[in-house]
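Asks: just the structure for this:
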Amino acid sequence: MWKPPQRIKFEPAPGRVPTRDEAARSMLFSPVRIGPWQAAQRTWVPAMVPWRATDDGFVTPEVIGWYRRFAQGRPGVIVIEATGIRDVPSGPLLRIGDDRFLPGLAELVRAVHEASGGATRLMIQLIDFLGIKRRPDPAKYYERFLRITDRHRGLLDATTPGARDWPEERIRAHLAAAPADEQQRVLDPREWEALQMGARERVTDLHLPHVRELPEVLPGLFARAAVRARQAGFDGVELHYAHAYTMASFLSATNDRDDGYGGVREARVRLPLEVYRAVRDAVDPGCAVGCRYLADECVEGGNHVADATWFGVEFARAGMDFLSLSRGGKFDDAKQPGVGQAAYPYTGPSGYECMPQYLSDERGPFGRNTEAVAQVRAAVRAAGLDTPIVSCGGIHSFEVAERMLATGQSDIIAAARQTLSDPDWFLKLSLGLGDQVRTCRYSNYCEGLDQKHKQVTCEQWDRVALDAPGVELSSDGRRRLVAPPWTPPTEVVSG
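Replies: Got it, this is the predicted structure:
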C-alpha cells in the first residue's frame, strides 16, 4: 500500500475514559432516527469484506461468526459487507442476486439480532461491479489476448518497413520481444493498461452493449436485491455508491458518457437517483434506504468535496434515510499488481486516504475525513434537510466522537478498524470500562489480508488462545477468526 513520503509516525490517542454516567448522558450513546426506525445509539459498524463466504456467494458459519461477534458489542447499527446484486460468479463474496441465497442471509439476520439482544439494527450493503481481469503474463497477452489491427501494422511499419505485411504470428512475436517503449508506442492506451494492470471495464465503455445498457438494468437489479434483503429480515439497505465500483463511477467527474448519464453533475447523479427510487418503490415503508458515497475521490480529475456536498443535498432531497461518507479507494491510482493478480483499488494515494496508516503526513491518519463530511452535513442542513450523516475514518476515541457529534460535524460515528480490533469497544465505553478497550494500532494488517483475499483478522487477537475450546481457525489453521470473548464484570452489569 502507498504511504506518504513524510513517514511521520503517529500513535493512537484514545483519550480520557468516560464514566458510565458520562457515557449514558453522551450523544454517542443516545438514540438516532434513521428513516422509519430508531437506532438505540449513534454507533455504526460499516461494511467490511471478511472473505468468509463460499466461492459461489453463500453465507457460511464463518460469516455468521464474524457478524455475531460484532453484535455482541451491541452497536447501534451493523452494515453487512458489500453483497453482489447479480447472479454471477464473484469469488468468496456474499451475493443476493437470487432467492437461493435467502436462507443463509435470514440465518445471519437471526444470529445478529440474537447476539445483540435485539439492540442492534442490521443493514446490508448492495453493490454492483464491472469486469476486471488479472494482469496477464506478457507472452500470453501477445499470444492470445491482443487483437491485431491495421493500426498496429501501420505503427510498426513506420519504424520497421514491411511490417505492415507480416503475418499476425510474426507481429505478436515482435511485440512480445520489443522494448517497453516500443510496445507502448504501438499499443493504444487501453491495450497498454490491459498489459500492465489487467483489463478493466469502465462505465464509459459504451461500445460494450452490457455497459451501455447499465441505466436500463441496474435499477431493477438493485430493487430486486433490496426486496430479498427485506425478505431475509434486514432492517434496511445501504446502496454502495463509493470507491471503485459501478455506481461510484457514474457519480465520478471522470464519467463522460454521452447518453445523458455522464458529463455534468446533473447527468452523473441521474442513475444513482433512479436506482434509489426503484429501491424505495420496491420495498415496504419500514425499510431504511440510504447510500455510502465519497466525500472526496482523492484522484486527479475526480470528484472533490464540492461535488460531494452537491450530491449530498440531491440524495437528501430525494428522500434517502441516511448518507454514509467515505473517501478515496479508486482504481485510477492503484499500484501495478503482480502478474496473475488483479489491481486493488486501495494501493495508491486514494487508497491511503480511505484507510490511512499510522505512518502518515502532517495531517495524520485519524479523522482524515471529518472536515469533508462536516461540509456535506452543513450543506444538507442549509438546504433544510435533517438526513443523518455517518462519518468514518480513523475514529477510536470517545472524546473525538462526542466532539464531532456535539459540534454538528456528524450525526453517527462509524468505526471499522477500531471495531475489528475490539468488537466490544462501544459496549466497554458505555459501561465506563474504556480502560479495557483494545485500541487499533492502524498498522493495516487487516487491509493486507483483504488485499490478498485472505480471511480478515486483527493482529492483536488472531494468535490468542488458539487452542481454546470452540475457537474457529482460519483456512490455514494459523489464526483465530474472531476476537476472544469478553464478559463484563457482574458488578458492572448489575450496577
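Asks: residue ranges of each domain in this protein, please.
Replies: 8-131+204-494, 138-196 (automatic domain parsing).
Asks: a markdown table please, covering the ones you listed and showing mean neighbour count, distance to M1 and mean pLDDT.
Replies: Using the backbone N, CA and C atoms, a C-beta is placed for each residue, glycine as well. Putting those into a markdown table (neighbours: other Cβ atoms under 10 Å; distance: least, Cβ to Cβ, whole Å; pLDDT from 0 to 100) gives the following:
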| stretch | mean neighbour count | distance to M1 | mean pLDDT |
| --- | --- | --- | --- |
| domain 8-131+204-494 | 19 | 5 | 97 |
| domain 138-196 | 15 | 19 | 95 |
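Asks: now render these as JSON lines, adding distance to W2.
Replies: Shown next, in JSON lines, are these (distance: least, Cβ to Cβ, whole Å):
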{"stretch": "domain 8-131+204-494", "distance to W2": "5"}
{"stretch": "domain 138-196", "distance to W2": "17"}
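Asks: report the contact partners of V237.
Replies: 123-126, 225-226, 229, 279, 283, 287-289 (Cβ atoms under 8 Å, 6 or more residues apart in numbering).
Asks: what lines up beside the helix or strand hosting it in the sheet?
Replies: If you go by DSSP states H and E, V237 is part of strand 236-240. Strand 236-240 has the following strand partners under DSSP bridges: strand 121-127 (parallel), strand 288-294 (parallel).
Asks: and the first one, how far from the chain's centre?
Replies: I take that to be strand 121-127. Between the mean C-alpha location of strand 121-127 and the chain-wide mean there is a distance of 12 Å, by Cα atoms, centre = their mean, to the nearest Å.
Asks: residues in contact with it?
Replies: Here strand 121-127 has contacts from 34, 37, 39-40, 47, 76-85, 96, 105, 109, 112-113, 222, 225-226, 229, 232-240, 245-246, 288, 292, using Cβ under 8 Å, 6+ apart.
Asks: can you give me the strands for the chain?
Replies: Remark: strands assigned in the chain by DSSP state E are 8-9, 32-34, 37-39, 43-45, 77-84, 121-127, 236-240, 288-294, 323-326, 359-360, 389-391, 412-414.
Asks: can you say which of those is nearest to T204?
Replies: When these are ranked by proximity to T204, the top entry is strand 288-294, at 18.0 Å, counting by Cβ to Cβ.
Asks: then that closest one to CSV, C-alphas only?
Replies: Taking C-alpha atoms only, strand 288-294 is exported to CSV below (Å, rounded to 0.1, in the frame of the first residue of the first chain):
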residue,chain,number,x,y,z
ALA,A,288,-34.4,2.2,5.7
VAL,A,289,-32.7,3.1,2.4
GLY,A,290,-29.6,5.2,2.2
CYS,A,291,-26.2,5.1,0.5
ARG,A,292,-22.5,5.2,1.0
TYR,A,293,-20.6,7.5,-1.2
LEU,A,294,-17.3,9.5,-1.3
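Asks: for that strand, the distance to its chain's centre please.
Replies: 12 Å.
Asks: give me the contact list for it.
Replies: With Cβ under 8 Å, 6+ apart, strand 288-294 has contacts from 34-37, 46-47, 121, 123, 125, 226, 235-243, 248, 251, 272, 276, 279-280, 283, 303, 308, 311, 315, 320-329.
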